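Colleague: no FASTA, just this:
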């Protein structure tokens, strides 16, 4: 509580405001006392200099433009005083605080803070974790020689990236007034698988059958995840190509890529399909698994071979060190909790 702006003022009042005990010894040149009015050691002071003075420090900061990886302690400025600072951060409407990595934090208190400090975040915008990249699609390439050894090149789909970072990390107790939204990043979509089927006994030829699956879509977030590539098994594909997954956006996961199909050969009755990749997860959501659908074997049919599709990545965290965070109000949230 600040000292009065007028009237009688005693050294004891000033001493108590500076954190001392009433009745204990004090001097107007004590560091904690002169520090309230910014006086250096030995500088001349009068009691009137202390009218309205306070030992507490108030820091009000505003994020008015979208930014990534914001650290409160690093940005609070030189007026911070350990143990007596009341810090408030306001995130304006329309502003997004994001991150440039799936493993890092979009917004954090940083350190150090000291007992007696208070931190309040008033969020009217959006805090978003980064989206996970999609996984690569799988592939199969194999000669149409079903009567003898059949060297096959099988590449399974790759899992979408799991987001291990958090939208907000608190290293010190915080009251988070969430009038906007806070989301963990979306997980990446899993890469698709490929399948190959020989019906009724293929001929002994040296032609190749190849299936290339689509890549997984990127997860939503800031920064959003990139789409996964399609995979080349190292063999020709008769002009058929799979596609990469689409990158995610700030608000939505990207679509999985499409697979390439080798049509049925009229002489060998063989067909190979690359399947679609999984979609990237939306904000606070897991990525979808890639697709693969093995054929059933009928009598006289030969091989039913497939490369496995991959799972989607897990969504990111809303917060880390959540026991230090009090949401009031909770606002809109999505993602894992720690």
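Modeller: Yes, it's here. These numbers come from a predicted model, not from an experiment.
Colleague: Please enumerate the helices of the protein.
Modeller: Ranges of helices within the chain are 11-17, 31-35, 72-75, based on DSSP state H.
Colleague: ok, and what's touching the last one?
Modeller: Going back to what we said before, that points to helix 72-75. Residues outside helix 72-75 that contact it (CB atoms under 8 Å, 6 or more residues apart in numbering): 61, 87, 89, 107, 108, 109, 110, 111, 112, 113, 119. For every residue, glycine as well, the C-beta is placed using N, CA and C.
Colleague: average pLDDT across stretch 88-104?
Modeller: Averaged across stretch 88-104, the pLDDT comes to 97.
Colleague: Could you list the low-confidence segments of the stretch 51-200 of the chain?
Modeller: For the stretch 51-200 of the chain, the stretches with pLDDT under 70 are 142-152, 196-200.
Colleague: Residue 16 versus residue 54, what's the distance?
Modeller: Plainly put, residue 54 is 12 Å away from residue 16 if you go by CB to CB, to the nearest Å.
Colleague: who has more neighbours, the two?
Modeller: Neighbour count, other CB atoms under 10 Å: between residue 54 and residue 16, residue 16 has more, with 18 against 14.
Colleague: Would you enumerate the residues in contact with the more buried one?
Modeller: Residue 16 sits next to residue 22 when contact means CB under 8 Å, 6+ apart.
Colleague: what does the one 3 residues further on give?
Modeller: With contacts taken as CB under 8 Å, 6+ apart, residue 19 has the following neighbours: 32, 55, 84.
Colleague: domain ranges for the chain?
Modeller: What automatic domain parsing lists as the domains of the chain is 11-50, 58-130+317-337.
Colleague: Most tightly packed of those domains?
Modeller: domain 58-130+317-337 (a mean of 18; mean count of other CB atoms under 10 Å).
Colleague: end to end, how far does that domain reach?
Modeller: Chord length of domain 58-130+317-337, first to last residue, is 31 Å (CA to CA, to the nearest Å).
Colleague: Show me how far that domain is from its chain's centre.
Modeller: Relative to its chain's centre, domain 58-130+317-337 lies at 15 Å (CA atoms, centre = their mean, to the nearest Å).
Colleague: Spatially, what comes nearest to residue 241 if we skip its sequence neighbours?
Modeller: Excluding its sequence neighbours, the residue lying closest to residue 241 (CB to CB, 6 or more residues apart in numbering) is residue 260, at 5.3 Å.
Colleague: Now do the same for the one you found: its pLDDT.
Modeller: 79.
Colleague: Would you mind measuring from residue 35 to residue 55?
Modeller: 8 Å.
Colleague: hmm, back to that, including distance to residue 222, could the domains of the chain go into JSON lines?
Modeller: JSON lines is the format used below for the domains of the chain (distance: least, CB to CB, whole Å):
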{"stretch": "domain 11-50", "distance to residue 222": "40"}
{"stretch": "domain 58-130+317-337", "distance to residue 222": "3"}
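Colleague: so which of these comes closest to residue 286?
Modeller: Nearest to residue 286, of all the domains of the chain, is domain 58-130+317-337, at 9.4 Å by CB to CB.
Colleague: beta partners for the closest residue to residue 284 other than its chain neighbours?
Modeller: Nearest in space to residue 284, with sequence neighbours left out and distances taken as CB to CB, 6+ apart, is residue 334 at 2.4 Å. Counting by DSSP bridges, residue 334 is bridged to residue 183.
Colleague: go on, residue 274?
Modeller: Beta-bridge partners recorded for residue 274 (DSSP bridges): residue 194.
Colleague: how far away is it from residue 64?
Modeller: In terms of CB to CB, residue 274 sits 47 Å off from residue 64.
Colleague: Residue 316 too?
Modeller: Distance of residue 316 to residue 64, computed by CB to CB: 25 Å.
Colleague: what residues are up against residue 68?
Modeller: Residues near residue 68 by CB under 8 Å, 6+ apart: 97, 98, 99, 100, 106, 222, 223.
Colleague: Show me these that map onto strands.
Modeller: Mapping those onto strands (DSSP state E) picks out 97, 98.
Colleague: any chance of the contacts of residue 68 in a markdown table, with distance to residue 80 too?
Modeller: Below are the contacts of residue 68 laid out as a markdown table (distance: CB to CB, whole Å):
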| residue | distance to residue 80 |
| --- | --- |
| 97 | 21 |
| 98 | 25 |
| 99 | 24 |
| 100 | 26 |
| 106 | 22 |
| 222 | 28 |
| 223 | 30 |
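Colleague: of the contacts of residue 68, closest to residue 48?
Modeller: Set against residue 48, the nearest of these by CB to CB is residue 97 (44.2 Å).
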